[in-house]
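J.: Following is a predicted model, sequence given first.
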Amino acid sequence: MNFLESVQMAGKTLLSNKLRSALTMLGIVIGNASVIAMIGIGEGGQKFVNKQLESLGPNVLFVIPGNRETQRISFEVPKTLVLQDADAIASQVPTVVGVAPELNRRQVVIYRNKNTDVNIIGTTPSFLSVREFETAKGRFFSEVDIKRSNQVVVLGGDLAEKLFGNSNAIGQQLRVGNTSFQVIGTLIAKGSSVGADYDEAALIPITTSANRLVGKNSPYGIALDYLVAAARDSESVDAAEFQITNLLRLRHKINGEDDFTLRTQKDALQTVGQITGALTIMLAAIAGISLFVGGIGIMNIMLVSVTERTQEIGLRKAIGATEQDILLQFIIEAVIVSAAGGLVGTAVGISGILLVGALTPLEASLSPVAIAMAVGVSGGIGLFFGVVPARRAAKLDPIVALRSAS
């Protein structure tokens, strides 16, 4: 019997037991679909987060008070970074073109009968250029507003729509906590960015925030939650990081470990890549267990098939079929089941990824490597788990097989 005849006979045998073949295939289908979907969703999630980080700009640097150890063990933000540090960086670091300090607090904003809990961001006029925002209406606050601690506010696009709808917000009075503010501008909605949604925020002069809402909670001036520095270009980021570090160490008179942390977009992308990569591998490994279970199911069904077809095996060996013929036929049957399950599972997995991409912000990501590996592994599983039943069938003595079947 040649190879083609073995394939034809294996196909006829599987088609004669359609329901059993389909149920045997089901484990492989689920396993393949899970592996492909998990890898695709994981890669889509990584691309989504990377885009969010890239939207911050390739030349931005974040300076955060406290080193990594104090940030890990303390629930309070260390008061080691002040407004004067931001001014020093802006004026003394040649590779930096702008610095936007931020002092954030959540407060209830009230306008007539509407109120909402939002993030109140105290910052400076350089916020617009550093964070790449534009005003939709009105103006942003100026250096005069900073010096006078004026009670003016600029609203994020979504917050302005929530409070004022289609009405003109400019010139209106609203309350932040117990303090009255005049709306002088609104921002063009930009979308959330890595946990910070400025479209739902209200921005006020940082001095007003310190004097009216937060208080000067550092003996050295206005303590910041963090500051964002914009380097001249992406090639200047490393130089800016080095210069900012040296300047702050001199200002803070540091001899040992830094009392601040400096992070760049490159650091964030690397960290996110490591986390999402590890999660994708973990999800794929969990899904891969389904493939293993499916392989065991193939082996069980093939063993049952050997028992049921004992008479057939005996007759074939009695009329001249060799052990290799029997071995090849049963292995082919196992591989056909697993490969067909792999192809169906691949189609289901791809459909799942496309559905997730259509219904969520995650980008649909089809990995040809993952698809090829999943189909190849499923075929390999059929071969691996089909060997034991095939060897058992091939080793049957034809006389014993015929006697036991009669």
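T.: Cool, the structure landed.
J.: Now do the spatially closest residue to E257 that is not a sequence neighbour, the pLDDT please.
T.: With sequence-adjacent residues excluded and distances taken as CB to CB, 6 or more residues apart in numbering, E257 is closest to N67, at 5.7 Å. No exception for glycine: its C-beta is placed from N, CA and C like everyone else's. Predicted confidence (pLDDT) at N67: the value is 76.
J.: and if you look at L4?
T.: According to the predicted model, the pLDDT of L4 comes to 74.
J.: Now for it, how many residues are close by?
T.: By other CB atoms under 10 Å, 8 other residues sit near L4.
J.: With I286 instead?
T.: The local packing count at I286 equals 12, with neighbours defined by other CB under 10 Å.
J.: what about it, distance to F164?
T.: 48 Å (CB to CB, to the nearest Å).
J.: With P78 instead?
T.: Distance check for P78 against F164: by CB to CB, it reads 38 Å.
J.: Show the contacting residues for the residue nearest to N119 when sequence neighbours are not counted.
T.: Leaving out its chain neighbours, the residue that sits closest to N119 by CB to CB, 6+ apart is A201, at 4.5 Å. Taking CB atoms under 8 Å, 6 or more residues apart in numbering, we find A201 in contact with V118, N119, I120, I121, G156, L159.
J.: In PyMOL, how would I select the buried members of those residues?
T.: If you want just the buried ones from the contacts of A201 in PyMOL, going by 16 or more other CB atoms under 10 Å, the selection is:
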select buried, resi 118+119+120+121+156+159
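J.: re earlier: how near is the residue nearest to N119 to L163?
T.: Taking CB to CB as the measure, A201 falls 12 Å from L163.
J.: One more: G376?
T.: Using CB to CB, one gets 57 Å for the distance from G376 to L163.
J.: the more surrounded of these two?
T.: Counted by other CB under 10 Å, G376 and L163 do not tie: L163 has more neighbours, with 22 against 12.
J.: Looks like the more buried one contacts V153 (just checking).
T.: No. Taking contact to mean CB atoms under 8 Å, the distance of 10.8 Å between L163 and V153 leaves them out of contact.
J.: hey, what's in contact with both of the two?
T.: L174.
J.: so how far is the helix ranked longest in the chain from its chain's centroid?
T.: Longest helix in the chain by number of residues, with DSSP state H as the criterion: helix 265-308. Relative to its chain's centre, helix 265-308 lies at 19 Å (CA atoms, centre = their mean, to the nearest Å).
J.: From the contact counts, what lies against that helix?
T.: When contacts are defined as 3 or more CB pairs under 8 Å, 6 or more residues apart in numbering; DSSP states H and E, helix 265-308 sits against helix 18-54, helix 323-359, helix 368-394.
J.: Would you reformat those as a markdown table and include mean pLDDT?
T.: Output for these, formatted as a markdown table (pLDDT from 0 to 100):
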| stretch | mean pLDDT |
| --- | --- |
| helix 18-54 | 78 |
| helix 323-359 | 81 |
| helix 368-394 | 72 |
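J.: Nearest to L128 among those would be which one?
T.: Closest approach to L128 among the helices and strands packed on helix 265-308 (CB to CB): helix 18-54, 19.5 Å.
J.: Quick check: mean pLDDT of the strand or helix carrying A88?
T.: In this structure, A88 is located in helix 83-92 according to DSSP states H and E. Averaging pLDDT along helix 83-92 gives 93.
J.: same question, stretch 239-254
T.: Confidence over stretch 239-254, taken as the mean pLDDT, stands at 92.
J.: For that stretch, which outside residues touch it?
T.: The contact list for stretch 239-254, computed with CB under 8 Å, 6+ apart, reads 61, 63, 80, 85, 88-89, 92-96, 229, 231-232, 258-260, 262, 264.
J.: So for R212, which of the helices and strands packed on helix 265-308 sits nearest?
T.: The closest approach between R212 and any of those, judged by CB to CB, belongs to helix 18-54 at 32.1 Å.
J.: What is the closest one packed up against?
T.: Contact analysis of helix 18-54 by 3+ CB pairs under 8 Å, 6+ apart lists helix 265-308, helix 323-359, helix 368-394 as its packing neighbours.
J.: Let me have those in TSV, extended by distance to L15.
T.: What follows is the helices and strands packed on helix 18-54, written out as TSV (distance: least, CB to CB, whole Å):
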stretch	distance to L15
helix 265-308	14
helix 323-359	10
helix 368-394	17
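J.: and the direction of the longest helix of the chain versus that of helix 323-359, what angle?
T.: Put simply, helix 265-308 runs at 140 degrees to helix 323-359, going by axes from the mean of the first three to the mean of the last three CA atoms, to 10 degrees.
J.: My reading is that F133 is in a helix; is that accurate?
T.: No. Secondary structure of F133 (DSSP: H, G, I helix; E, B strand; the rest coil): coil, not part of a helix.
J.: so it makes contact with D199?
T.: No. Counting by CB under 8 Å, F133 stays clear of D199, with 9.9 Å between them.
J.: overlap in contacts of the two?
T.: L187, K190.
J.: Quick check: the gap between the spatially closest residue to G42 that is not a sequence neighbour and V35.
T.: What sits nearest to G42 in space, not counting adjacent residues and going by CB to CB, 6+ apart, is T280, at 3.0 Å. Taken as CB to CB, the spacing of T280 relative to V35 amounts to 11 Å.
J.: okay, and for the stretch 101-250 of the chain, where does confidence drop off?
T.: Across the stretch 101-250 of the chain, residues meeting the criterion (pLDDT under 70) sit at 192-196, 216-218.
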